[in-house]
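>>> Structure for the following, please:
(2 chains)
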Amino acid sequence: MPAIAIQNVTHTYPGIGRKRPPTTALENVSFTAETGQTLALVGPSGCGKSTLLELICGLLAPSVGQVESEPAALTPQSDLLLPWLSALDNAALPLRLHGASKQAAREQAAPFFTRFGLAGFEHSRPDQLSGGMRHRVSFLRCLLAGKPVLALDEPFASLDAITRAEMQSWLTDALRAEPRTVVLVTHDVEEAVLLADRLLVLSPRPGRVIADISIDLPHPRKRTDLQITELRAQALEHLGLPA
Amino acid sequence: MKRVLLPLLAIAALIGVWALYVHLGHVNADDMPAPTQVARALYDDRDTLWSNFLVTAREILLGIALAVVAALAAAFTIHFSTTARLALYPPLIASQAIPVVLLAPLFVLWLGFGLLPKLLIIALVSFFPLVVTTTAALQRVDPNLLKLMKTLDASRLQTFRTVELPAALPGLFPGAKLAAVFSVIGAVFAEQGSSTSGLGLLYMITSNNLELPEAYAAVAILSAFAIMLFALLTVIERRALPWAYHPGR
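Okay, the predicted model is just below:
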């Protein structure tokens, strides 16, 4: 059984009065994701990528069609750490919400700080961390939610190119250590090709799946590999962009 | 250092202008006493002023405490229930539009000359800024954060406790500062309606007797108390919410 099954999903947001007519974000979208797969969704702005994630996370119900997914945790676009909590307490938040004591939650989260390159930053407040560090903590929080599916919404969009490249290889390692089914929304085709096992290209709004590219390459991948650049060109072509 | 020095300089300059105006403007001293006369009254009447100050300060602090409890309860109710928001906001606004001078004698009529009518008046004037700022702060919380909390299986109450309430705290303080200043004005009205002691009453009696230096001395103490409350809240705010005040440190 697939971890995520999306069947003929159309989603329309209701309009507000006369000024905002209803908008259809997704139209007749169908796909499945196998357990452990990293599935990337790329497409132009406003093609309903984030809507898809919210459907998968159960934050929205589709207007038409069916969404079935194992429980999913969302990593939002901005890191959304709570500024009044330490990095460790931010990461341990899902454990606390599930009823662990403060102490137990910290003890459970602490080893991940060492494993994920955050050692020494346990007691820093989010505003004392760099952008990349904050994203690590945010991702760790998502991981510790203990859900089989991770929904990552443009997780590195706000980072500079160098930090982004660092975080991409960091994420690859992290997912190898802690395998999950991942849905990665990104507008960066290269990022998708580097990280994902499979790439779905969505059309401009209303979003439809216009290409389904499988990426059967071993990790770690190099962005300069011929196969990578070819897949990237292929995806860009579907988006109607020059490679 | 600048934080203390600059406001002191500004106040000194204001007093200087006042002194010059009285001395050079041929103002009748009975109409407007000079700062030196007020200072003398502050010193000569220090015992009376102090004992009356204690009465007023107690009313103000208790009144604010009452306002904070009531305002938080109202803000939370408004935040959790759209029905409550729609129903409560208009009467809340109306309650602020009714002049306190009108209410003070009514409260005395209903509740007697004790502490209660004064507390209610002080609470009433402090209540509104607290409700408005707290409600606004609660509603400003990033909707994405609320979505995130849902996917982390947080209950409504957990989301409120772990996210909304702390996020609203920095918004609560500006309201509390306004409330602190309003409460002093409220206390003066309250005491004029019904009182046997207090700086508000002292002001009324001395100004009716045209003992203006004494009246102004009472006002000076009230102003100083308002500044003190405001400053105290600022200090608490910085201590309690370091994450909101020292980004990057």
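
>>> What residues are bridge-paired with residue A:33?
Here residue A:33 sits in beta bridges with residue A:4, going by DSSP bridges.

>>> Tell me the residues on chain B that lie near chain A, please.
When proximity is defined as Cβ under 8 Å from any Cβ of the partner chain, chain B approaches chain A at B:142, B:144-145, B:147-154, B:158, B:162-163, B:166-167, B:241-244, B:246-249. To be clear about C-beta, it is placed using only N, CA and C from the backbone, and glycine gets the same treatment.

>>> Now the least confident helix or strand in chain B by mean pLDDT: buried residues?
Here the helix or strand of chain B ranked lowest by mean pLDDT, DSSP states H and E is helix B:242-245, holding a mean of 78. Within helix B:242-245, the residues that count as buried by 16 or more other Cβ atoms under 10 Å in any protein chain shown are B:243, B:244.

>>> Let me know the pLDDT of residue B:122.
pLDDT recorded at residue B:122 is 90.

>>> try the one 4 residues further on
Confidence at residue B:126, expressed as pLDDT, is 89.

>>> What is the helix or strand that contains it packed up against?
In this structure, residue B:126 sits in helix B:115-139 according to DSSP states H and E. The contact analysis (3 or more Cβ pairs under 8 Å, 6 or more residues apart in numbering or on different chains; DSSP states H and E) places helix B:115-139 against helix B:46-80, helix B:82-97, helix B:100-111, helix B:165-193.

>>> Make JSON lines out of those and add mean pLDDT and mean neighbour count.
Putting the helices and strands packed on helix B:115-139 into JSON lines (pLDDT from 0 to 100; neighbours: other Cβ atoms under 10 Å in any protein chain shown) gives the following:
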{"stretch": "helix B:46-80", "mean pLDDT": "92", "mean neighbour count": "19"}
{"stretch": "helix B:82-97", "mean pLDDT": "85", "mean neighbour count": "12"}
{"stretch": "helix B:100-111", "mean pLDDT": "83", "mean neighbour count": "15"}
{"stretch": "helix B:165-193", "mean pLDDT": "88", "mean neighbour count": "22"}
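
>>> Only C-alpha atoms, please: export the least confident helix or strand of chain B in PDB.
Provided in PDB are the C-alpha atoms of helix B:242-245 (Å, rounded to 0.1, in the frame of the first residue of the first chain):
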ATOM      1  CA  PRO B 242      14.300  38.900  26.300                       C
ATOM      2  CA  TRP B 243      13.600  37.200  23.000                       C
ATOM      3  CA  ALA B 244      11.500  40.100  21.900                       C
ATOM      4  CA  TYR B 245      14.100  42.700  22.800                       C
END
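
>>> elements contacting that helix?
By 3+ Cβ pairs under 8 Å, 6+ apart, helix B:242-245 packs against helix B:212-240.

>>> which helix is the longest one in chain A?
Looking across chain A with DSSP state H, the single longest helix is helix A:161-177.

>>> Now list the buried members of the residues of chain B next to chain A.
Using 16+ other Cβ under 10 Å, the buried members of these are B:145, B:147-152, B:154, B:158, B:162-163, B:166-167, B:241, B:243-244.

>>> Next, give phi and psi for residue A:9.
When read as degrees, to the nearest 10, the backbone of residue A:9 gives phi -90, psi 130.

>>> mind listing the helices in chain A by residue range?
A:49-56, A:87-91, A:93-97, A:102-115, A:131-144, A:161-177, A:189-195, A:226-238.
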